[in-house]
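# Sequence and predicted model, in that order:
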Amino acid sequence: IVKIPKYMVGFEDYGPDCDSMRITAFLDIPGQDNLTPLARLEKYAFSENIFNRQIIARGLLDVFRDFSNNEEDFLTVMEIVVRLSEDAEPTVRTELMEQIPPIAIFLQESRPNFPTAFSDYLMPIVVRYLTDPNNQVRKASQEALLILLEQELIAQNDIENKVCPILLDLSAPDSDDEYKVEAVNIICKMASMLSKTVVERMLLPRFCELCGDGKLFQVRKVCAASFGDICNAVGQEATERFLIPKFFELCSDSVWGMRKACAECFMAVSYTTSPEVRRSKLSPLFINLISDPCRWVRQAAFQSLGPFISTFANPSSAGLYIREDGTLSIRPSAQDVASSSCQPGNNANITSASTNIVSSSSEQPTEIKSESSTDGTSAEANPLICVEIPRTDLLKEGSNSCGSPGEALARLSQNDNTTACVIEGIKDCHVSNCRGMNSRFQSAEDVFNTFLYWRPPLPDISQDLELLQSKTEKHEEGCSVSKAICNNCVASSEIKKVLESLQEHMDDPDVQAQVQVLSAALRAAQFESINDYETKHTEESNGKLKNELSTFEANHATVEKNTLSSSSFQDDVSDQSTTSILKSKDIIPQPLLDQYLSMTDPARAQTVDTEIAKHCAYSLPGVALTLGRQNWHCLKDTYETLAADVQWKVRRTLAFSIHELAVILGDQLTAADLVPIFNGFLKDLDEVRIGVLKHLYDFLKLLHADKRREYLYQLQEFVVTDNSRNWRFRYELAEQLILILELYNPNDVYDYLRHIALTLCSDKVSEVRWISFKLVVAILQKFYANNANALGLNLINELVARFRHCSKWIGRQAFAFICQALVEEECMPVDHFVEHLLPSLLSLASDPVPNVRVLLAKALRQTLLEKAYFKSVGNPHLEAVEETVLALQSDRDQDVSFFASVKPKLNNMDTTSLEKQN
C-alpha cells in the first residue's frame, strides 16, 4: 500500500463543490518525491490506494485546467483519464463520470485548442458506462448523458453514430430487462433534446415496438408516461401516422397503470394532433378512460379532462391572444378601429375584442348600419351590424357599405333567397294584412334584453337585432305595407332555406353568430304567427310562448342541429334543459362537456376523487376560453356551484383565476355573472381573499367606471385580516393600491385610498410600512400629475402632522424617507417641496435618534444635493441644506457622519439597509 503523504491528510473532507481549495493541489508541491506534476498525477491515478484514485477522479477538472496550456501534456492527461475509466472500483468510475459534464463545458470553451478531444476521448467513456455492470455507474452515466444533450455539448455525428446505436441495442427485444427499462427511459427523456429528423428516423420505430412490448409492463408504462413528449418531438404527421394507433393500444392495456399513464399525458398527445383527429378519435377514447372500471384511471382522466378540452381552444376567435409570458390579453380589433367613424359612441365593449370578419371570393360580408332610434337611443346602442352571408349571388354591389336598413334590404330583396332583414328600432309598428293575419311588433324590451347577441364580431347589437323580425309571406300577390320600414320583412320559409345553406359553414364562428341571429328572427316570426293580435307584452304569454317554442324547435331540429337558438341568459323563456347544450357542436363534443359539468356532482367526490371539484375549478378558465363567450351559459351554473363549494381550496382556486375569466367573458358577462361572485370572495377567508387581492387591479380595470367605483369603500375591508400576523396580506394590498391609483380620479383617491395608505404606513411590520411609504409617494404623484395641487397640499400637511411630529422615531424616519422619495421620483414641483416639506425635513437634524439622522443624511447627500435645482448658484435654499449636511458630517454618531460625507454611487434608495437598521 502506497503511503499517503502528510499533505494529503484531510482531502476526504473536500467534495466536488469545494471552492476554497483545489482538490489536486498536492500535485503542485515540489520536492516530496522528485517527480514532475504530470508524473505525480500518473502515480496517484494508478495507485493501489482507492482513496488516491478517487481524489484524482474528483479533481480532473482542475487537472485539465492546469495542463491545458501544453498540448502534449493535455493529451497525456487524456490518456490517463481513459485508463482511469477502466478502474475496477465502481466508486472511482462514478466519481470520474460525475466530472464529465463540467470537463465538457471547459473543453467547449477551449474548443479552438482541442476541437475533437471530447468526442475522441470522453464520449466513448460515457457510452461505455451505459452498459456498466454496476448500477450506480450506469445511473451516473445516464445523468451525464442527459446533461450533455441538454447543454448541446454532443456533436450531431456522435449522437447518431455513438449514442443512438447503443440505446437501440440496449432496448432490443433480446436485451436484458433491466437495461431495456433504463434505455427506454433515456430514449423518452432525450427525445425532446434531439432534432425532429433524428427522433423520427432513429428512435421512433423502436419506440413504437416498445409500446407493444408484451414481456415487461414496466417498458410499456415508461412509454405511456412519456408519450406526450415523443409526440411533441416528432410532430403532427408522424404522431397521427405512427403513434396514435399505439396510443389506442396503451389506452386499452390490461394493466390499469398503463391506462392511468395515458390519461395523465392525454393533453400533450392531443396538442400535437389535428382538430379532426382530436374530435373523431381522441374524444371517444377519452370518454372510455373516464368510464374506466378502475377508480385510479377515472381519477387521472377527470384531472386531465379540463386540460384536454383546452386543446380545442382557439383564442383568436374570441379576440384574445396569449402573450409571451403566458397571460391572456385582449387583441384590439382592426375592424373596430376602421369602423369607429360609423359608431363614434360605441364604447360599451372596451374590454372585449372582436374577431376580424373572414371574407373571401365566395364569402363577402354585408354591413348594415341602423339609423337612430325614434326613442332617442344613443349611438352606443346602435353599433355597426356586420352580417356575413356566404353566398355571392345575394350581393349585387360592393361587399362593405354603411347605409340605412331600407337601402340594404332593397338590394337584398332582389334575390329569391333573401337572408335577413333589419328593421329600425321602433315600437308597435303595425303591419298590413299579410296572409290574412294582422299582428304587431312587440317592444324590444319585452322580447329581448341588453345582453343579447354580444358575441364578436357583433359586440353590441342588441338594440338593432332585437327588432329583427320576419313575416311569412308569399310573393305571388305581394304584401301591402303602410311604411317603407315595414317592407323589410321576409318569409320565414326563406330564412329556413338560408339556415340550411349555412350549415356547411358552421366551423366559422362568424357564421355561427349569423345562425343565432336568423334563428331568433325565425322564432320571433313563428311567435307572431301564432300569437293573438291583442297580445302586447311577453309577460302575459310566457307559458304559451314556451309551448310554441318547443313545437317550433321540434319542427326545425334539422335546420338548427349545430346551434342553440337561445342561451339561458338571453331569453327567460328558454328551457332549462338546454343550459348545458353548446350553440355549436363544432367546438367540442357534447359528451366531453357533459362529463366536465358532472365534476361538481357530489357523487363524483365519493366514487372518483375527493379533490375533483378543485381540479374542475383549476381548469375552468381554459374550458371557458375553449367554449367562448357565446357558450358561457353552459358553464355558468358550474362556476356558481364551485364558488359556493364548502372546500375553501376550491374557492381559492377560483379566486386566483377570476381575473383571467373576466378577460375571456368580456365586460358585460363579467358585470352580470362574475361581479357577484367576486363580491362573495371579498368576504371569504383570508386564504380565498388573497387570490382576489393578488389580481385586484387586473379585475377592476376590466369593469366599467361606475361599477369600479362601487369597490372604493370595500377596499378598506382588506386592511382587516383573520390573523393580524398575516402581514403579507397587507403588503400585497399596498402593492395593488399602487397599481389601482390609475383607475380612479384624484378626488376618489383622496377620499378613500388616502386613509388606507396612511393606516398601512403605521403598520407594525417594517416591510408593510416601507411599501406603504411608496404608496403615499404614488398618491402625491397622481395628485400633482392631475393638477390637483390642493389635494396634494392637504396630504402634505397631514404627513407633516402625522410623521414629522410623531412621538415614535419610526414615524420621523418615515417622513425622511417619503421626502427623499418625492425628490427622487420628482413627484411634485420643486418650489412646492422647498416651501412645504424642506423646513420640516431639515429640522430632523436635531433629532435625538441616530437612525432618523442617518436617513436624513442619505436624503440630503445622496438625493437633494444631486438635483440640478440645488446645484444652481444663488439658490436661496442651498445654504440651509449645506449647513445641515455639514452639521451631520460632524455628528457624534459614526454612521450619520459617514452617510453625510460619502458620495452617492447609485441614484436609487436601498431600503434593505434601512430595514436592517431597525
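Perfect, thanks for sending it. Numbering: from 1, shown residues only.

# When you work out contacts or count neighbours from here on, use the C-alpha atoms and nothing else.
OK.

# so who does the closest residue to Ile664 other than its chain neighbours touch?
Nearest non-adjacent residue to Ile664, counting by CA to CA, 6 or more residues apart in numbering: Leu625, 6.1 Å away. Under the criterion of CA atoms under 8 Å, 6 or more residues apart in numbering, the neighbours of Leu625 are 310, 313-315, 664.

# give me that answer again for 7 Å
Residues near Leu625 by CA atoms under 7 Å, 6 or more residues apart in numbering: 313, 315, 664.

# Scan the residues you listed and report the most crowded one.
Ile664 (29 neighbours; other CA atoms under 10 Å).

# which element is that residue on?
Element membership of Ile664 [criterion: DSSP states H and E] is helix 648-665.

# I'd like to know which elements that helix is packed against.
With contacts taken as 3 or more CA pairs under 7 Å, 6 or more residues apart in numbering; DSSP states H and E, helix 648-665 sits against helix 612-627, helix 632-643, helix 686-694.

# Go through the ones you listed and pick out the most buried.
Scoring the helices and strands packed on helix 648-665 by mean neighbour count under mean count of other CA atoms under 10 Å gives helix 612-627 as the most buried, with a mean of 24.

# where does the stretch 501-650 of the chain dip in pLDDT?
501-580, 583-585 (pLDDT under 70).

# how many neighbours does Val719 have?
That count, for Val719 with other CA under 10 Å as the rule, works out to 17.

# Might one say that it is in contact with Arg730?
Yes. Using CA atoms under 7 Å as the test, Val719 is close enough to Arg730 to be in contact (6.2 Å).

# how much space between Phe308 and Tyr596?
11 Å (CA to CA, to the nearest Å).

# Could you check which of the two has the larger neighbour count?
Legend: neighbour count by other CA under 10 Å for Phe308 and Tyr596, higher for Phe308 (29 against 21).

# okay, the more buried one: pLDDT?
At Phe308, the model reports a pLDDT of 96.

# What's the separation between it and Val830?
Taking CA to CA as the measure, Phe308 falls 59 Å from Val830.

# Kindly reformat the contacts of Leu625 as TSV containing pLDDT and distance to Leu96.
Output for the contacts of Leu625, formatted as TSV (pLDDT from 0 to 100; distance: CA to CA, whole Å):
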residue	pLDDT	distance to Leu96
Ala313	87	50
Pro315	71	51
Ile664	93	55
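
# my guess is Cys220 is in a helix, correct?
No, residue 220 isn't Cys; it's Arg. Yes. Under DSSP: H, G, I helix; E, B strand; the rest coil, Arg220 sits within a helix.

# So which bits of stretch 244-253 are buried?
Under the neighbour-count criterion of 16 or more other CA atoms under 10 Å, stretch 244-253 has 244, 246-247, 250-253 buried.

# contacting residues around that stretch?
With CA under 7 Å, 6+ apart, stretch 244-253 has contacts from 208, 211, 224, 258-259, 262.

# Now do stretch 900-915, average pLDDT.
Stretch 900-915 shows a mean pLDDT of 56 in the predicted model.

# Next: stretch 794-804.
The model assigns stretch 794-804 a mean pLDDT of 93.

# Between the two ends of that stretch, how far is it?
With CA to CA, one end of stretch 794-804 sits 15 Å from the other.

# ok, and for it, which residues are buried?
Using 16+ other CA under 10 Å as the test for burial, stretch 794-804 gives 795-796, 799-800, 802-804.

# Ok, stretch 102-111 next?
Going by 16+ other CA under 10 Å, stretch 102-111 has these buried residues: 103-105, 107-108.

# closest to Pro37 among those residues?
Comparing the buried residues of stretch 102-111 against Pro37 with CA to CA places Ile103 closest, at 19.6 Å.

# Pretty sure the closest one sits against Val63.
No. In this structure Ile103 lies outside contact range of Val63 using CA under 7 Å: 10.0 Å.
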